[in-house]
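**Student:** Any chance you could fold what I've pasted below:
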Amino acid sequence: MNPTLILEPGIVSLHQLENIYRSHCAFEIHPSARPGVEQAAHQVAKAALGEVAVYGVNTGFGKLASTRIAPNETATLQRNLILSHCCGVGKPLPLPIVRLVIALKIISLGRGASGVRWEVIELLQQAVSNNILPVMPEKGSVGASGDLAPLAHLAAMLIGEGEVFHNNQRTNVKDAFSAAGLKVIELGPKEGLGLINGTQVSTALAMAALFDGWRLTVSSLVSGAMAIDAMMASTAPFHPRIHELRGHQGQIDAAATLNALLDGSGIRASHLDGDQRVQDPYCLRCQPQVVGACIDLWRQAARTLRIEANAVTDNPLVIGEEAIISGGNFHAEPIAFVADICALAIAETGSISQRRIATMVDPTLNHGLPPFLTPNPGLNSGMMIAEVTTAALMSENKQRATPCSVDSTPTSASQEDHVSMACHGARRLLDMNENLSTIVGVEVMAAAQGIGFRQPLATSPSLDNVIHAFRLEVASLENDRYLANDIAASSEFVSGGKLLAAIDPTILPAVSVYE
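**Tutor:** I've put the predicted structure just below:
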């Protein structure tokens, strides 16, 4: 049983959030946040009884904000808000994403500016602790005013409406709560609005893409180093001074990692002298420039996501001891931009990896390796169609990298007339990362095969460790066999972290803002 993770609103780290994403740990807001939360809830309750119109507290919503709501109808207002906004469609969001959404929501509520009671936060925490997670349809948000539709399905759980997954089994919320000994609540003033108004779904999707995409990008440096040895390519382009003269940190780090991974390679030492080739193809020698630029994009995304993870993004907000002010923190434009740059990083990492695969299987380019990396070409086709599969995935990712943030459409009778499209912009990254894991996995498969053909020359100790771990999952290709299972295993070897687990972590780039 994992210990409960304590989250301090305002200073939660990406490392903590990745732990929530990758494990089944329970999490709670630090109790020091409670006084601020309760003070803000008291202010909202007072405003609900007052004569001054306060948006979402004693008024309608959106275009209906001019409609005043009587104090005795506050609970009905909030319940109706949730039910009317449960308009999500499509498949349920993956449960690790839902866990992240809930963590991000309670962090935001825990800042003490949303006006919800501590009881609301506690019930969300208790649901997670009892492995009860709402069924949240993946589609329906335009990324402003917050992720209204999907978050409404989260809020519905608290009032006993909708469906949940209880111990991974889909059921209705009332049965799940009854089994766990939990009770639904009646929402107080502004609590429904505080729950659905925010960027937590878009942010959780982008954050999951960061966690997985960073792993895949760093893994591509390993598969790229393997391709260097498989192709008997030069390491001279990775000389540190070249990259210091340009100055981009991601490029410097990528070159350093490639040098460290190839240190001690007998294959490299064998062709230091007498090699007639002057320069290698760009997909081999420009890895630091391309993957390094992607590393910089991921780091930029991480900085923005860490800020957003600790942000208050609903509306209106309780400011100080008196004011409740309407603003626009629910607009997810920063996350939309993050999603777009992450899409670029995923697409480009896959693009250069795929070119290395294509080079390794091509007998006119692979420096003496057999065609399609099979020991008996002609009778066997080897990795011919595995390369074609990666080409299909690469092109799919390139098409999906078209920016979403530049799109907008007016909604809610043009009251919400500019929106971010952050939610589906971030959601597409999940599929893009899945494609990338297959591309990098096939590169590992091809490069390991190519390095095997260079025997008795040996690769570096670091890369030999990777090949040894990989061969526990996927055997060397002798005669043609059913390759779909090998491709799936290779993809899982990369995406599941086994590849990086075989490498000394001190030689790999780090996301410096994770802590």
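
**Student:** excluding its backbone neighbours, what's nearest I11?
**Tutor:** N310 (6.7 Å; Cβ to Cβ, 6 or more residues apart in numbering). C-betas here are computed from N, CA, C, even on glycine.

**Student:** Just give me the neighbour total for that neighbour.
**Tutor:** Applying other Cβ atoms under 10 Å, we find 19 residues neighbouring N310.

**Student:** Quick check: it vs I325, distance?
**Tutor:** Remark: distance between N310 and I325 (Cβ to Cβ, to the nearest Å) = 20 Å.

**Student:** What of Q126?
**Tutor:** 31 Å.

**Student:** shaky segments in this protein?
**Tutor:** Scanning the chain for pLDDT under 70 picks out the ranges 1, 513-515.

**Student:** element containing L100, please.
**Tutor:** Element membership for L100, per DSSP states H and E: helix 95-109.

**Student:** which secondary structure elements does that helix contact?
**Tutor:** Here helix 95-109 touches strand 5-7, helix 14-22, strand 27-29, helix 118-129, strand 132-134, helix 148-158, helix 200-230, going by 3 or more Cβ pairs under 8 Å, 6 or more residues apart in numbering; DSSP states H and E.

**Student:** The same query, at a cut-off of 7 Å, please.
**Tutor:** For helix 95-109, the elements it packs on are helix 14-22, helix 118-129, strand 132-134, helix 200-230, judged by 3 or more Cβ pairs under 7 Å, 6 or more residues apart in numbering; DSSP states H and E.

**Student:** List of residues touching the second one?
**Tutor:** So that's helix 118-129. With contact meaning Cβ atoms under 7 Å, 6 or more residues apart in numbering, helix 118-129 is reached by 26-29, 34, 37-38, 99, 102, 105-106, 109-110, 157-158, 182, 185, 191.

**Student:** ok, back up a step: show me which of Q126 and I325 is the more surrounded one.
**Tutor:** Neighbour comparison, Q126 and I325: the larger count goes to Q126, with 17 against 13 (by other Cβ under 10 Å).

**Student:** Would you map the strands across the chain?
**Tutor:** Remark: strands assigned in the chain by DSSP state E are 5-7, 27-29, 89-92, 132-134, 137-139, 163-166, 169-172, 317-319, 323-325.

**Student:** Can you give me the separation between the nearest residue to R170 once chain neighbours are set aside and S351?
**Tutor:** Leaving aside its chain neighbours, R170 sits nearest to E163 (6.0 Å; criterion: Cβ to Cβ, 6+ apart). Distance of E163 to S351, given as Cβ to Cβ: 40 Å.

**Student:** Export the helices and strands packed on helix 95-109 to TSV and append columns for distance to I319.
**Tutor:** Shown next, in TSV, are the helices and strands packed on helix 95-109 (distance: least, Cβ to Cβ, whole Å):
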stretch	distance to I319
helix 14-22	26
helix 118-129	19
strand 132-134	30
helix 200-230	21
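
**Student:** Out of these, which is the most enclosed?
**Tutor:** helix 200-230 (a mean of 28; mean count of other Cβ atoms under 10 Å).

**Student:** Would you mind getting the angle between it and helix 148-158?
**Tutor:** Here helix 200-230 runs at 110 degrees with respect to helix 148-158, directions being taken by axes from the mean of the first three to the mean of the last three Cα atoms, to 10 degrees.

**Student:** Helix 200-230 versus helix 14-22: what angle between them?
**Tutor:** Orientation check (the same axes, to 10 degrees): helix 200-230 against helix 14-22 gives 90 degrees.

**Student:** With respect to D417, which of the helices and strands packed on helix 95-109 lies nearest?
**Tutor:** Distance to D417, taken as Cβ to Cβ, is lowest for helix 200-230 among these, at 18.8 Å.

**Student:** how far does that closest one sit from the chain's center?
**Tutor:** Relative to its parent chain, helix 200-230 has a centroid offset of 10 Å by Cα atoms, centre = their mean, to the nearest Å.

**Student:** Not counting sequence-adjacent ones, nearest residue to Q300?
**Tutor:** Of all residues beyond its chain neighbours, the one nearest Q300 is I341 (6.6 Å), with distances taken as Cβ to Cβ, 6+ apart.

**Student:** so that neighbour touches A302, yeah?
**Tutor:** No. Counting by Cβ atoms under 7 Å, I341 stays clear of A302, with 11.0 Å between them.

**Student:** Number of residues surrounding L463?
**Tutor:** Other residues lying near L463 total 28 when counted by other Cβ under 10 Å.

**Student:** check contacts around it.
**Tutor:** Neighbouring residues of L463 by Cβ under 7 Å, 6+ apart: 225-226, 229, 261.

**Student:** Out of those residues, give me the two with the largest separation.
**Tutor:** By the measure Cβ to Cβ, D229 and L261 form the most distant pair in the contacts of L463, at 9.3 Å.

**Student:** Give me the neighbour count for the residue lying closest to G88 once chain neighbours are set aside.
**Tutor:** Spatial nearest neighbour of G88, excluding adjacent residues (Cβ to Cβ, 6+ apart): P137 at 3.1 Å. A count of nearby residues for P137, using other Cβ under 10 Å, gives 18.

**Student:** what does S23 give?
**Tutor:** For S23, which is what you asked about, the neighbour count (other Cβ under 10 Å) is 12.

**Student:** Now do the closest residue to it other than its chain neighbours against L500, distance only.
**Tutor:** Once flanking residues are discounted, S23 sits nearest to N2: 5.5 Å by Cβ to Cβ, 6+ apart. Distance, N2 to L500, using Cβ to Cβ: 21 Å.

**Student:** More neighbours: these two, which one.
**Tutor:** Between N2 and L500, counting by other Cβ under 10 Å, L500 is the more crowded of the two (17 against 11).
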